[in-house]
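Asker: can't give you the sequence, but here's the structure:
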């Protein structure tokens, strides 16, 4: 996972600083030396590291820290700057041009952004401007259908700027307020690619030019961003594949090198796996302080179509410790829509340093086993776990393809969680998670997580 190594190293640095209380000049310089090494190992651009360390040192040794800011607050304050997409006023159409190298995840990111904008009340129109790869047009059309977003294409016989012009005319006529142009990519930067993008910008009013770069490519992502910005001018960056095995240095270097903000980060292959980039929230995650605001956003998005009365009934059962395996299945569905249990727990304060332990206990195979166990129950058994006698458990184990001991262990842990939820009033502070408590039962060793 991106930033994991960097996060662990920085957390250790700040843990040592916190034990000192107020900081003096020697403490700051010693800590910054460790921070510098951690950033370089994370593949952050050397010039960026040098500038960052100098900036932090000047401010850390100044009045801010001496007047009482702790290390975590200091870093959050320094990086706290959020940039969002800018839209045209009123009913005017906003034109967004997506660009990037082939294989960067550009077409998928284009559909992800369209879906995200739709949830925020926009009416986007996706436009296929890649005339060289029919497969790219098909991919955009398929992803558009999944996102329930309309796609406009004219095949491969027209110039990209002509397709863009026609799409904008359609948008003005039919009430779309955002047009997103998915342009062609190349395996490398060349003159033909750049000229095509320049032509589009000369023929139509492009309000936002977004560059998609693959975070897995490390410093190459920074070089690509710098080249695109100097040749055609970009307004923002979308970092794809941030969930991959990357050291995260690109995310910390792109803005510093190009002066352009990172607007979105792709955190998975699903079309819902796109997050708006908030520097302060990312800093919180890196420092192990959690990311409650992003967690709330995920919960809100996942609950958009939930029945309000059904949620109230579920919370009432939770408070009484009476949630059942039907609630468990609902929770599994909600967790998946929010990126999975690992993604959720990673955003909780204090969980950063424990994610290695959690990931070793919770994996897709284990979750699939517990879900198979529940799906092998009859509806009556799911709603009334007391019916689960030994004979029924053997039948469930056979249906789920697991050992009877695994079924017994899961049911026992589930019952323990019911008692725990009843004891704490059903998790009153976790509105919107439905049966989260029930879901946690059976995932950890002995039915408990290490927190």
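Answerer: Good, I have the coordinates. Being a predicted model, the structure only gives us computed values, none of them experimental. Residues are numbered from 1 along each chain as shown.
Asker: just for this structure, where's the confidence low?
Answerer: Regions of the chain meeting the criterion pLDDT under 70 cover residues 1-24, 41-45, 48, 55-56, 59-83, 218, 243-252, 278-322, 335-365, 421-451.
Asker: got the domain boundaries for it?
Answerer: 4-79, 94-285, 297-447 (automatic domain parsing).
Asker: what residues are up against the residue lying closest to residue 129 once chain neighbours are set aside?
Answerer: Distance criterion CB to CB, 6 or more residues apart in numbering; nearest residue to residue 129, sequence neighbours excluded, is residue 160 at 4.1 Å. From N, CA and C alone the C-beta is placed, and that goes for glycine too. The contact partners of residue 160, by CB atoms under 8 Å, 6 or more residues apart in numbering, come to 129, 130, 131, 181, 183, 184, 196, 199, 200.
Asker: gap between the first one and residue 200?
Answerer: Read that as residue 129. Between residue 129 and residue 200 the distance is 7 Å, computed by CB to CB, to the nearest Å.
Asker: ok, back up a step: which of the contacts of residue 160 fall in strands?
Answerer: Among the contacts of residue 160, the residues falling in strands (DSSP state E) are residue 181.
Asker: quick check, nearest of the contacts of residue 160 to residue 89?
Answerer: residue 181 (20.7 Å; CB to CB).
Asker: ok, the closest residue to residue 262 other than its chain neighbours - contacts?
Answerer: Here the nearest residue to residue 262 in space, its sequence neighbours aside, is residue 277; by CB to CB, 6+ apart that works out to 4.5 Å. In this structure, residue 277 makes contact with 239, 261, 262, 263, 264, 265, judged by CB under 8 Å, 6+ apart.
Asker: so which of those wins on neighbours?
Answerer: Of all the contacts of residue 277, residue 239 has the most neighbours under the rule other CB atoms under 10 Å, reaching 29 neighbours.
Asker: just checking: what are the partner strands of the helix or strand containing that one?
Answerer: Using DSSP states H and E, residue 239 sits in strand 236-240. Taking DSSP bridges as the criterion, strand 236-240 sits next to strand 208-214 (parallel), strand 262-266 (parallel) in its sheet.
Asker: more neighbours: residue 129 and residue 200, which one.
Answerer: Each of residue 129 and residue 200 had its neighbours counted (other CB under 10 Å), and the higher figure belongs to residue 129 (29 against 25).
Asker: quick one, phi psi at the more buried one?
Answerer: Backbone dihedrals for residue 129, given as degrees, to the nearest 10, come out at phi -110, psi 10.
Asker: do you know how far it is from residue 409?
Answerer: When CB to CB is the yardstick, residue 129 and residue 409 sit 55 Å from each other.
Asker: now residue 199
Answerer: Distance from residue 199 to residue 409, by CB to CB: 64 Å.
Asker: what does residue 183 give?
Answerer: With the distance defined as CB to CB, residue 183 ends up 53 Å from residue 409.
Asker: ok, the two, which is more surrounded?
Answerer: More neighbours surround residue 183 than the other of residue 183 and residue 409, with 25 against 17 (other CB under 10 Å).
Asker: surely the more buried one and residue 131 touch.
Answerer: No - Residue 183 is not in contact with residue 131 according to CB atoms under 8 Å; the separation is 9.6 Å.
Asker: where do the helices of the stretch 201-350 of the chain begin and end?
Answerer: Under the criterion DSSP state H, counting those that start in this stretch, helices of the stretch 201-350 of the chain are mapped to 219-231, 249-258, 279-286, 292-302, 308-319, 325-337, 341-346.
Asker: swap that for the stretch 351-451 of the chain, please
Answerer: Remark: helices of the stretch 351-451 of the chain, listed N- to C-terminal, are 355-361, 364-375, 379-383, 390-400, 404-423, 436-440; assignment by DSSP H, counting those that start in this stretch.
Asker: which of the contacts of residue 160 fall within helices?
Answerer: Secondary structure of the contacts of residue 160 is defined by DSSP state H; positions in helices are 196, 199, 200.
Asker: dump those residues to JSON lines, plus distance to residue 98.
Answerer: Formatted as JSON lines, the entries for these read as follows, by distance: CB to CB, whole Å:
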{"residue": "196", "distance to residue 98": "13"}
{"residue": "199", "distance to residue 98": "16"}
{"residue": "200", "distance to residue 98": "11"}
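Asker: work out for me the element residue 92 sits within.
Answerer: For residue 92, there is no host helix or strand (DSSP H and E).
Asker: for residue 237, see how far away it is.
Answerer: 25 Å.
Asker: how about residue 367?
Answerer: For residue 367, the distance to residue 237 under the criterion CB to CB works out to 33 Å.
Asker: near residue 207, how many other residues are there?
Answerer: Neighbourhood size, residue 207 [other CB under 10 Å]: 18.
Asker: oh sorry, the question was meant for residue 205
Answerer: For residue 205, the neighbour count with other CB under 10 Å is 11.
Asker: that one and residue 95, how far apart?
Answerer: Separation of residue 205 from residue 95 (CB to CB): 6 Å.
Asker: contact partners for the residue nearest to residue 404 when sequence neighbours are not counted?
Answerer: Spatial nearest neighbour of residue 404, chain neighbours left out: residue 397 (4.5 Å); criterion: CB to CB, 6+ apart. If you count contacts by CB under 8 Å, 6+ apart, residue 397 has them with 373, 376, 403, 404, 406, 407.
Asker: name the nearest residue to the first one, ignoring sequence neighbours.
Answerer: Translated: residue 373. Closest residue to residue 373 apart from its sequence neighbours, by CB to CB, 6+ apart: residue 400 at 4.6 Å.
Asker: wait, that neighbour sits on residue 375?
Answerer: Yes - taking CB under 8 Å as the contact criterion, residue 400 and residue 375 are neighbours in contact, 7.4 Å apart.
Asker: more neighbours: these two, which one.
Answerer: More neighbours surround residue 400 than the other of residue 400 and residue 375, with 21 against 13 (other CB under 10 Å).
Asker: the more buried one: what's it in contact with?
Answerer: 369, 372, 373, 375, 376, 407.
Asker: tell me the buried residues within those residues.
Answerer: Buried members of these, scored by 16 or more other CB atoms under 10 Å, are 369, 372, 373, 376, 407.
Asker: would CSV of these with distance to residue 54 be doable?
Answerer: Listed next are those as CSV, based on distance: CB to CB, whole Å:
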residue, distance to residue 54
369, 52
372, 55
373, 56
376, 61
407, 60
